[in-house]
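Undergrad: with the input below, show me the fold.
(5 chains)
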Amino acid sequence: MSRKKHDKTSSMKKISKKGRFFFLALDQGLEHGPMDFNDKTIDPEHIIKLSTKMDITGIILQKGLAIKYSENFMKKVPLILKLNGKTLLSKREPFASQITSVKEAVDIGANAIGYTVYVGSDMESDMFRIAGKIEEEARDYNLPFVIWSYPRGRSISKPTNPDTVEYAARVALELGADITKIHYTGNKKSFSKVIKAAGRCKVITAGGPLEPLGNFFKDAKNIMAAGADGMAIGRNIWQHDDPLDVSKKIASIIFGKKR
Amino acid sequence: MSRKKHDKTSSMKKISKKGRFFFLALDQGLEHGPMDFNDKTIDPEHIIKLSTKMDITGIILQKGLAIKYSENFMKKVPLILKLNGKTLLSKREPFASQITSVKEAVDIGANAIGYTVYVGSDMESDMFRIAGKIEEEARDYNLPFVIWSYPRGRSISKPTNPDTVEYAARVALELGADITKIHYTGNKKSFSKVIKAAGRCKVITAGGPLEPLGNFFKDAKNIMAAGADGMAIGRNIWQHDDPLDVSKKIASIIFGKKR
Amino acid sequence: MSRKKHDKTSSMKKISKKGRFFFLALDQGLEHGPMDFNDKTIDPEHIIKLSTKMDITGIILQKGLAIKYSENFMKKVPLILKLNGKTLLSKREPFASQITSVKEAVDIGANAIGYTVYVGSDMESDMFRIAGKIEEEARDYNLPFVIWSYPRGRSISKPTNPDTVEYAARVALELGADITKIHYTGNKKSFSKVIKAAGRCKVITAGGPLEPLGNFFKDAKNIMAAGADGMAIGRNIWQHDDPLDVSKKIASIIFGKKR
Amino acid sequence: MSRKKHDKTSSMKKISKKGRFFFLALDQGLEHGPMDFNDKTIDPEHIIKLSTKMDITGIILQKGLAIKYSENFMKKVPLILKLNGKTLLSKREPFASQITSVKEAVDIGANAIGYTVYVGSDMESDMFRIAGKIEEEARDYNLPFVIWSYPRGRSISKPTNPDTVEYAARVALELGADITKIHYTGNKKSFSKVIKAAGRCKVITAGGPLEPLGNFFKDAKNIMAAGADGMAIGRNIWQHDDPLDVSKKIASIIFGKKR
Amino acid sequence: MSRKKHDKTSSMKKISKKGRFFFLALDQGLEHGPMDFNDKTIDPEHIIKLSTKMDITGIILQKGLAIKYSENFMKKVPLILKLNGKTLLSKREPFASQITSVKEAVDIGANAIGYTVYVGSDMESDMFRIAGKIEEEARDYNLPFVIWSYPRGRSISKPTNPDTVEYAARVALELGADITKIHYTGNKKSFSKVIKAAGRCKVITAGGPLEPLGNFFKDAKNIMAAGADGMAIGRNIWQHDDPLDVSKKIASIIFGKKR
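TA: Predicted structure coming up:
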């Protein structure tokens, strides 16, 4: 029985800098809807064009934006293609079905793929099954696999609780993710423990809703000091008046020497 | 890894005129049943023959009519084949399953394909999954993909609410639709915002139930003035006494220079 | 893109006479159980042998009877193979799963295939999806496709209501059926409207439970006078003392000149 | 269109004697659990070795026993491989999923395959669908197909009620089973009617729980006298002190001339 | 019909010693989360490196750890790859979906595969179906198949009840498992009965939560004395201060001559 050789070293390099990840998130159109945007940012072209001037290592998009705005970023900014998603409208137990196949992601030009798992949801088993298949296909393409590991559903009381985030981080490792995007627990000490639980799976944080810049930079420093491998940020960059300036400051925190 | 080239420029031209879309909708037989028709229009042949005399850029049909009345319109009127549908009889959470495969649509002679997504329904995830597969196949055929993006289900209080329609429009863009067919919000200002949320996805409106012609033309003008790319109209054309005349007036609104 | 040529003209001829259809129904063993039969008719051989002496254009069977009694009718009576079915025992929302594939139906020697859709049932979407696939396969084989279009389920108050039957007839057309088997509405006028709603989809009626012969013949005349293309009859033939005589009288109503 | 020739004459002969079937049932380990066994019979080897000394025409096993005890019976006793099963632990509506594929059954060396359908259960449609596929595959292999046709579920008040058993027997015929294993109704007259309803589908009875031998032999004689084609017996053989002797007496009832 | 030859003799030898199995379990990261670990053991590298110094016949991992820590144990410790799993967060009826395919397990380098069946759960039928497919594929690869057979769900009052464990053990045999991992019933006598019910399916016990060493060794001796074929232990080894020493003592119990 011959065994295939898989090595993601070079594909991981394409979406990182100094081993760190700084992704601009622009998948909110599906996840949260237009309410997350202002008059400028509602136009994807606006943000996507800005992204080419930022010191980022990837932009996170659903296939719709990746296809329709391809000319505006492709080959300039690495593409992290999100494969599943849902709106926030339905009250049912959270589940985000797969919208894009790994094959199509490759066809579109993705440098990495992302999939959300709602850990603890009653639909968890469906998402584990699908994540498992995606991981298998992603390895065949040597494509980095990012798991959004978010505790959700009627059984989860607080999704940012340190124990819960720690469990979510470990789930991503166990499912074979190369990178996991998780909630920040709110303090360096507990988040440092979370990162240990993820083992050799890289850890990046989700940006969350718009915050005062001071708070946000302080959190970013603590996240990186706790040992995180990077951040994925959307609203806290492109909802500010000077997104390029904000992105520059975040880049210096993420890629800076000190942790 | 070689990447396929997809280009829908020429296929989009076949279902448009001056970049605008004017579709005659005739999928009500499945969606609403015979109550939408009168003694003449209950006969599909009647409407389908009329359609060949209208200045339209496509007719919307389920596969049954497309196959059985093929000789009456094929090669004269472009075919927008609707791939899913449901009756309005069942009280369950709205879901319209796929009835026609993309391959069969091509085989029948479709110039574009349509799929309804009930945004916010508890079955949303199933429709996103299927829409995602259809989009992938449609690109392989360079076939324009139209998403009917309708907010529906127990979590939706008002499907024509501007915020809700805006979300629905954005969903279509994120899923990779080339065109989205959505509800009109009722006024130009709010609809203009909706259109922005759809980005590079073309926006056309659904016609809705029979209205007095004056109102209908006023709405049509506002819709186009708001920046819409066209309209899909059924009952407000073929339920009137002189459908050809009504269609002429709508054509001049849709294809006219002023917005 | 080359388009396959489909033409069912000759296959439709094999299951009709003068453009009319007279099918002997014998699928009650699954749908209703032994209570529909008497001591003689409980033996399928008895009815199947009789069928070869009748002036019918097809016999409706599930695959079990078609296979086991093949020697008794094959090449003498055209076979309308029913692809799905259910017992009447379960109280759940009505759904009849597919038991026989189109490929197997062809292998068994079917001249046409039938599929029941419970219009308005909460399981409607599953049946639409499956009916859609069957239609596609049936066209590849140029095999006539008959849809049993029966309104059923918790949302349906009266399945023989003219509006409801009309909707069901139209559904069959929209799904691409060549023939639809529907309930008789009880009077010529309303049934004539139903037939119009079915457009180019042929309409035949379901026979229903045993009735006095006078009533039954009167109904049959009205059904054909309303414009129906034929009838499918079971119990009202083989539960009578002289099935051959009854079938002869029905044949003269169906194939007679007057409508 | 070429039609495949299927003929099970020779494969049916391999699992019968004088046209009668006597199967030793040993699938209780999954269906009922260890409580059906005593200290000796809990060891499958014990019963399987005994089976080679009995005048039986087949042994009924799940794949686990068929594979692990292959050396003890293969080529000596024909194998009736049960393809589905369930424990009696769960309180949900009865459904037994397919555990073994037809292909694997052939690979293991099965001479016939068995599948349980819970007629009237809310899951009936799933079992009909799967039984339909198995029948199709079984015919491709010319492999006898046995349906365990058991009325079960919240809609079934009494599974051994003559009307209900009659319906179940007919269901097996309609689904294309070669043999159906059903409950005994308790008296010759009603069971004779049941057998008629099954038409050309062979009828064998399920043994049921341990009974006094006198009763059991009396029932067996009535079952065969009613026209049954055989019996499948487990506990009433191997739970007795002298299984070989009991099996000999049953064999003489099943294979004896008188009915 | 040619029959494939399957023989797991040599593959079973690779994961055993003197016919006994001693597996180090490290799948708790998914099943229980970080709360099962301490500051050292939360790092998979720590335990995995230790495992290479233990006298074990295999390590149990989900694919995430197997892939990411491959360099640390591969070719030194046989890999028992767990194919399914779930977190303990959701309150729904227990079901653990398949995360890793058999093909991928082979690709990763697994020497055996494991799958959990929650016997008696309302989802039992899904797990039986999947276990059945895995067994078929595993035999094609001559790969030992281990079933975690755990009674769970609303119908199970006590999962370690001797009757219940006995049933679970038999289920594993019936499904075709080579080895079953089950709960210890708590005493030698009842467990000896359980082992008999498993027939030719090897029986190993699940370790369970951390216990005082004295108790644990006593249990281990009774388990082996009852006739078990080995043990799978996690927390009771790596949560102790001197895991290597504990593992040595357990090895002598498992591989020792006396039972």
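Undergrad: got the buried residues for stretch A:51-69?
TA: Residues of stretch A:51-69 classed as buried by neighbour count (16 or more other Cβ atoms under 10 Å in any protein chain shown): A:51, A:54, A:56-69. C-beta here means a position set from N, CA and C on the backbone, and glycine is covered the same way.
Undergrad: just the ones of these in helices?
TA: Among these, the ones falling in helices (DSSP state H) are A:51, A:63-68.
Undergrad: run a quick neighbour tally on residue A:150.
TA: Neighbourhood size, residue A:150 [other Cβ atoms under 10 Å in any protein chain shown]: 24.
Undergrad: need the contact list for it.
TA: A:116-119, A:159, A:168, A:182-183, A:206 (Cβ atoms under 8 Å, 6 or more residues apart in numbering or on different chains).
Undergrad: look at it and tell me its secondary structure.
TA: Three-state call for residue A:150 (DSSP: H, G, I helix; E, B strand; the rest coil): strand.
Undergrad: check the gap between it and residue A:63 for me.
TA: Going from residue A:150 to residue A:63 by Cβ to Cβ, to the nearest Å gives 21 Å.
Undergrad: grab the most central residue of chain A for me.
TA: Against the mean C-alpha coordinate of chain A, by Cα atoms, centre = their mean, the closest residue is residue A:181 at 4.8 Å.
Undergrad: can you report phi and psi for it?
TA: Dihedral angles phi and psi of residue A:181 (degrees, to the nearest 10) take the values phi -110, psi 120.
Undergrad: the nearest residue to it once chain neighbours are set aside: how many residues sit nearby?
TA: Distance criterion Cβ to Cβ, 6 or more residues apart in numbering or on different chains; nearest residue to residue A:181, sequence neighbours excluded, is residue A:148 at 4.8 Å. The local packing of residue A:148 (other Cβ under 10 Å) involves 27 other residues.
Undergrad: please name the bridge partners of residue A:148.
TA: residue A:116, residue A:181 (DSSP bridges).
Undergrad: pretty sure it contacts residue A:119?
TA: No: contact status for residue A:148 versus residue A:119: not in contact, 10.0 Å apart, counting by Cβ atoms under 8 Å.
Undergrad: quick one: stretch A:101-113 near chain E?
TA: No: figure legend: stretch A:101-113 not in contact with chain E (Cβ under 8 Å from any Cβ of the partner chain); closest approach 13.7 Å.
Undergrad: give me the buried positions along that stretch.
TA: By 16+ other Cβ under 10 Å, the buried positions in stretch A:101-113 come out as A:101-102, A:104-113.
Undergrad: got a list of contacts for it?
TA: A:11, A:14-15, A:58, A:63, A:66-67, A:70, A:74, A:78-83, A:100, A:134, A:137-138, A:141, A:143-146, A:178-179, B:1, B:3-4, B:132-133, B:136.
Undergrad: restricted to buried residues, select those in ChimeraX.
TA: ChimeraX command restricting the contacts of stretch A:101-113 to the buried ones, with burial defined by 16+ other Cβ under 10 Å:
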select /A:11,15,58,63,66,67,70,78,79,80,81,82,83,100,134,137,138,141,143,144,145,146,178,179 /B:132,133,136
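Undergrad: identify those among the contacts of stretch A:101-113 that sit within helices.
TA: Secondary structure from DSSP H places A:11, A:63, A:66-67, A:70, A:134, A:137-138, B:132-133, B:136 of the contacts of stretch A:101-113 in helices.
Undergrad: return the closest of these with respect to residue B:124.
TA: Residue B:124 has its nearest neighbour among the ones in helices among the contacts of stretch A:101-113 in residue B:132, at 12.2 Å by Cβ to Cβ.
Undergrad: what about the residue nearest to that closest one when sequence neighbours are not counted, distance to chain E?
TA: Distance criterion Cβ to Cβ, 6+ apart; nearest residue to residue B:132, sequence neighbours excluded, is residue A:99 at 3.5 Å. Note on residue A:99: its distance to chain E, by Cβ to the nearest Cβ, to the nearest Å, is 20 Å.
Undergrad: where does residue A:99 land on pLDDT?
TA: As summarised for this prediction, residue A:99 has a pLDDT of 98.
Undergrad: that older thread, ok, which pair from the ones in helices among the contacts of stretch A:101-113 is furthest apart?
TA: So, those by Cβ to Cβ: farthest apart are A:11 and B:133, at 25.6 Å.
Undergrad: leaving out chain neighbours, which residue sits closest to residue A:206?
TA: Spatially, and ignoring its direct neighbours in sequence, residue A:206 is nearest to residue A:181 (5.4 Å; Cβ to Cβ, 6+ apart).
Undergrad: for the one you found, give me its contacts.
TA: Here residue A:181 is in contact with A:114, A:146-149, A:204-206, A:232 (criterion: Cβ under 8 Å, 6+ apart).
Undergrad: just residue A:196 next, same as before
TA: Neighbouring residues of residue A:196 by Cβ under 8 Å, 6+ apart: A:227, E:39, E:42-43.
Undergrad: can you redo the residues you listed as CSV with neighbour count, distance to residue D:216 and secondary structure?
TA: Compiled in CSV, the contacts of residue A:196 are given as follows (neighbours: other Cβ atoms under 10 Å in any protein chain shown; distance: Cβ to Cβ, whole Å; DSSP: H, G, I helix; E, B strand; the rest coil):
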residue, neighbour count, distance to residue D:216, secondary structure
A:227, 16, 73, coil
E:39, 9, 66, coil
E:42, 20, 62, coil
E:43, 15, 64, coil
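Undergrad: what's the closest of those residues to chain D?
TA: Checking these against chain D by Cβ to the nearest Cβ gives residue E:42 as the nearest, at 36.1 Å.
Undergrad: in which helix or strand would I find residue A:45?
TA: Using DSSP states H and E, the element containing residue A:45 is helix A:44-51.
Undergrad: partners of residue A:22 in the sheet?
TA: Bridge pairing for residue A:22 - DSSP bridges - gives residue A:231.
Undergrad: so who does it touch?
TA: Applying Cβ under 8 Å, 6+ apart, one finds that residue A:22 lies in contact with A:55-58, A:230-231, A:233, A:250-251, A:254-255.
Undergrad: and stretch A:86-98, end to end?
TA: 9 Å (Cα to Cα, to the nearest Å).
Undergrad: quick one: it near chain B?
TA: Yes: applying Cβ under 8 Å from any Cβ, one finds stretch A:86-98 touching chain B at A:86-87, A:89-92, A:95-98.
Undergrad: got a markdown table for the residues you listed, with neighbour count too?
TA: What follows is the residues of stretch A:86-98 next to chain B, written out as a markdown table (neighbours: other Cβ atoms under 10 Å in any protein chain shown):
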| residue | neighbour count |
| --- | --- |
| A:86 | 21 |
| A:87 | 24 |
| A:89 | 20 |
| A:90 | 22 |
| A:91 | 11 |
| A:92 | 20 |
| A:95 | 23 |
| A:96 | 29 |
| A:97 | 21 |
| A:98 | 21 |
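Undergrad: please tabulate the residues you listed in a markdown table and include secondary structure as additional columns.
TA: Output for these, formatted as a markdown table (three-state DSSP):
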| residue | secondary structure |
| --- | --- |
| A:86 | coil |
| A:87 | coil |
| A:89 | coil |
| A:90 | coil |
| A:91 | coil |
| A:92 | coil |
| A:95 | coil |
| A:96 | coil |
| A:97 | coil |
| A:98 | strand |
